[in-house]
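Asks: sequence first, then the predicted structure:
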Amino acid sequence: MQPIYDWFRDFYERTGINLTFIYDDFDRARMIRGFFLTLDLAVITIILSVLIGIAGAWLQGSRFVWIRRVIAGFISFFRNTPPLVQIYFFYFGLGYLLPRVPDGSGGMIPMVSNLQWAIISLSLFAGAFNIEIFRSGIEAIPRSTVEAATSFGLTRWQIYRLVILPMAVRVCLPALGNNLVNLVKTTNLAYAIAVPELLYVSKQIWSDATNVREMMLFVLFAYLCLVFALVALLNAVERRLAIPGFGQQGGH
Amino acid sequence: MLRYRDAFTLPASPSPRLRGEGTRRRPTIGRAALLFTLVVGATTTAALAQQPHMVKATALEVLARWAPLLLWGFGFNILISVMAMGIGTAAGVPVGIGQLSRVLPVRIPARVVTQFFRNSPWLVLLFLCVLLLPFEIRAFGLRIPFPDWAKATLGFALPVMANTSEITRGAIQSVPSGQWDSALALGLTRRQSLYLVILPQCVKRMLPPWMNLYSLITMSTVNASVVGVSEMITLTSQVHAAEGSRPELLAPLYAFALVCFFIYCYPIGKWTQALERRYQLS
């Protein structure tokens, strides 16, 4: 690898384009850590938000009006307030109200770390949108299908798991994909509470090496790669789940 | 405006749809207000409980004292969102039409620009504009200052442009092709059919997603605080510092910001849903 590093160091001297995160060991190490943290953040929040969406859509069909109201309130709260302020509110506001716990070496640390708060608030934010998306998918399923399942003697949960959800997922996959792409783009709000993810690390590097322009373009490029990878994955899932004669065929 | 049209065209008794909307709206707003009273109340009392000996101002006193400043900051957020939306839409509609052009050198750049800015994180675009644009523009011997908030507005206008472009393209493509055929049959050119027949029909289809986009951009204007524009969240942290940086004030202060945005964005969301339902049926 050394020749490559040397080439980029030389490249900087010749052109003034300073890609420290390639040739500098320290910058490279933290950039790799930052990139993988963004990846972790994206994967974990995607999984959690989809679970929240599935559970929330299930609860929205509840017989109890108060459960439905709580879910509706949850959705309107997270849909209509800025995600950045949500993160601040959780991390600074609620984080202060929670007790501190011993860190095992004599000190006291907050019960929930900044990374954990970022995961929680981003999952809740995207989850609120996912509930609505799953619900629109569920509403698209004909009543008669549910009635047919009922006449088989399936329980409510069995109907949801075996009949409604598999069909609803296929109906709402495009909208779900859009929201998950948005979620990946939103993970960098964790920057604001000093989670050392891609954008935060880049900011550290450009503060040290004053190569704002190069870092900026690289970050943009890295996020575009992540987003296009996710889009490709979602398209593959959509193709794999496709059932002949169901859902949009050749719509594009 | 839409309501008046209904009043003229509909018979004296309102349709079940309108009646249903009217009766459903009240409880949801009531519920939302209740929820928020609960949030603010719970956080402020929790904050008070942490500080039993109140020699310093309580959270409510602090909020009352600084509310005018914070609301001024909120107004600045709205101003940025409106300007970003205006610039972004003015640029996005032509780009969206360009995406469907038959001329390859127009179509390809329009698609590339749209996909690029649509898939970039908004915060990164904001950084890009604030850090890389010059702080003043020199033209014809004039020095035009280019302050941070103006750069931030451009940073928000870029994703608006890309999303409006997609909305425009989607709306044009969703017009039944029979409309194009009949316009051509009337002897209109392709350009005339677009401007006289297709685009007027698109406005209706574009309105709900466009309003959704506005709501999203309004909520992301707080991102400007990360780059130091003095909008509501920046002012919130300054207020917090001015009150002695007491950590128990953070929850109520941020809750206040959440409430402001909720009160502004919630009706927009409801209105969007109502429009969606209305246009689906007609």
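Replies: Arrived safely. Numbers count the residues shown, from 1 in each chain, chains lettered A, B, ... in the order given.

Asks: for residue B:63, helix, strand, or coil?
Replies: Under the three-state scheme (DSSP: H, G, I helix; E, B strand; the rest coil), residue B:63 adopts helix.

Asks: show the contacting residues for the residue nearest to it when sequence neighbours are not counted.
Replies: What sits nearest to residue B:63 in space, not counting adjacent residues and going by C-beta to C-beta, 6 or more residues apart in numbering or on different chains, is residue B:256, at 5.7 Å. Placement of C-beta: from N, CA and C, glycine included. By C-beta atoms under 8 Å, 6 or more residues apart in numbering or on different chains, the residues touching residue B:256 are B:40, B:63, B:67, B:70, B:236.

Asks: ranking those by neighbours, who comes first?
Replies: The most crowded member of the contacts of residue B:256, judged by other C-beta atoms under 10 Å in any protein chain shown, is residue B:236 (25 neighbours).

Asks: quick check: pLDDT value at it.
Replies: Listed pLDDT for residue B:236 reads 93.

Asks: which strands or helices does the helix or strand harbouring it pack on?
Replies: If you go by DSSP states H and E, residue B:236 is part of helix B:232-242. Where contact means 3 or more C-beta pairs under 8 Å, 6 or more residues apart in numbering or on different chains; DSSP states H and E, helix B:232-242 is packed against helix A:83-88, helix B:59-98, helix B:250-281.

Asks: pLDDT on the following helix or strand past the longest one, on average?
Replies: Per DSSP H and E, the first helix or strand lying C-terminal to helix B:59-98 is helix B:104-119. For helix B:104-119, the mean per-residue pLDDT is 94.

Asks: what's helix B:104-119 packed up against?
Replies: With contacts taken as 3+ C-beta pairs under 8 Å, 6+ apart, helix B:104-119 sits against helix A:212-241, helix B:59-98, helix B:148-174.

Asks: and of the contacts of residue B:256, the nearest to residue B:118?
Replies: When the contacts of residue B:256 are compared for distance to residue B:118 (C-beta to C-beta), residue B:236 wins out at 30.3 Å.

Asks: just want the residue of chain A that's nearest chain B.
Replies: residue A:93 (3.0 Å; C-beta to the nearest C-beta).

Asks: so which bits of the stretch 151-282 of chain B are right by chain A?
Replies: B:215, B:219-223, B:225-226, B:233, B:247-248, B:250-255, B:257-258, B:261-262, B:265-266, B:269 (C-beta under 8 Å from any C-beta of the partner chain).

Asks: give me the buried subset of the residues you listed.
Replies: Using 16 or more other C-beta atoms under 10 Å in any protein chain shown as the burial test, these include B:215, B:219-223, B:225-226, B:233, B:248, B:250-255, B:257-258, B:261-262, B:265-266, B:269 as buried.

Asks: out of the helices and strands packed on helix B:104-119, deepest packed?
Replies: Neighbour counts (mean count of other C-beta atoms under 10 Å in any protein chain shown) averaged over each of the helices and strands packed on helix B:104-119 peak at helix B:148-174, with a mean of 22.

Asks: neighbours around the residue in the stretch 1-150 of chain B positioned nearest to chain A, how many?
Replies: Among all residues of the stretch 1-150 of chain B, residue B:121 sits closest to chain A, at 4.1 Å; criterion: C-beta to the nearest C-beta. Burial measure for residue B:121: 26 neighbouring residues, criterion other C-beta under 10 Å.

Asks: so what's it closest to, chain neighbours aside?
Replies: Leaving aside its sequence neighbours, residue B:121 sits nearest to residue A:185 (C-beta to C-beta, 6+ apart; 4.1 Å).

Asks: the helix or strand containing that neighbour to helix B:104-119, inter-axis angle?
Replies: Residue A:185 belongs to helix A:165-186 when assigned by DSSP H and E. With axes from the mean of the first three to the mean of the last three C-alpha atoms, to 10 degrees applied, the angle from helix A:165-186 to helix B:104-119 works out at 90 degrees.

Asks: what's next to stretch A:9-23, contact-wise?
Replies: Contact with stretch A:9-23 is made by A:4-6, A:8, A:27-28, A:31, A:205, A:208-209, A:211, A:214-215, A:218, as judged by C-beta under 8 Å, 6+ apart.

Asks: buried members of those residues into PyMOL, please.
Replies: Only the buried entries of these go into this PyMOL selection, using 16+ other C-beta under 10 Å:
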select buried, chain A and resi 8+27+28+31+205+209+211+214+215+218
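
Asks: so can I have JSON lines of the contacts of stretch A:9-23 showing secondary structure, distance to chain B and pLDDT?
Replies: As requested, those are arranged in JSON lines below (DSSP: H, G, I helix; E, B strand; the rest coil; distance: C-beta to the nearest C-beta, whole Å; pLDDT from 0 to 100):
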{"residue": "A:4", "secondary structure": "helix", "distance to chain B": "26", "pLDDT": "85"}
{"residue": "A:5", "secondary structure": "helix", "distance to chain B": "26", "pLDDT": "85"}
{"residue": "A:6", "secondary structure": "helix", "distance to chain B": "29", "pLDDT": "85"}
{"residue": "A:8", "secondary structure": "helix", "distance to chain B": "22", "pLDDT": "85"}
{"residue": "A:27", "secondary structure": "helix", "distance to chain B": "18", "pLDDT": "89"}
{"residue": "A:28", "secondary structure": "helix", "distance to chain B": "20", "pLDDT": "90"}
{"residue": "A:31", "secondary structure": "helix", "distance to chain B": "15", "pLDDT": "93"}
{"residue": "A:205", "secondary structure": "helix", "distance to chain B": "13", "pLDDT": "92"}
{"residue": "A:208", "secondary structure": "helix", "distance to chain B": "15", "pLDDT": "89"}
{"residue": "A:209", "secondary structure": "helix", "distance to chain B": "14", "pLDDT": "86"}
{"residue": "A:211", "secondary structure": "coil", "distance to chain B": "11", "pLDDT": "87"}
{"residue": "A:214", "secondary structure": "helix", "distance to chain B": "11", "pLDDT": "89"}
{"residue": "A:215", "secondary structure": "helix", "distance to chain B": "10", "pLDDT": "90"}
{"residue": "A:218", "secondary structure": "helix", "distance to chain B": "10", "pLDDT": "92"}
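
Asks: so where's the stretch 151-252 of chain A shaky on pLDDT?
Replies: Applying pLDDT under 70 to the stretch 151-252 of chain A flags residues A:245-252.

Asks: count the neighbours of the residue nearest to residue B:220 when sequence neighbours are not counted for me.
Replies: Closest residue to residue B:220 apart from its sequence neighbours, by C-beta to C-beta, 6+ apart: residue B:122 at 5.4 Å. Applying other C-beta under 10 Å, we find 22 residues neighbouring residue B:122.
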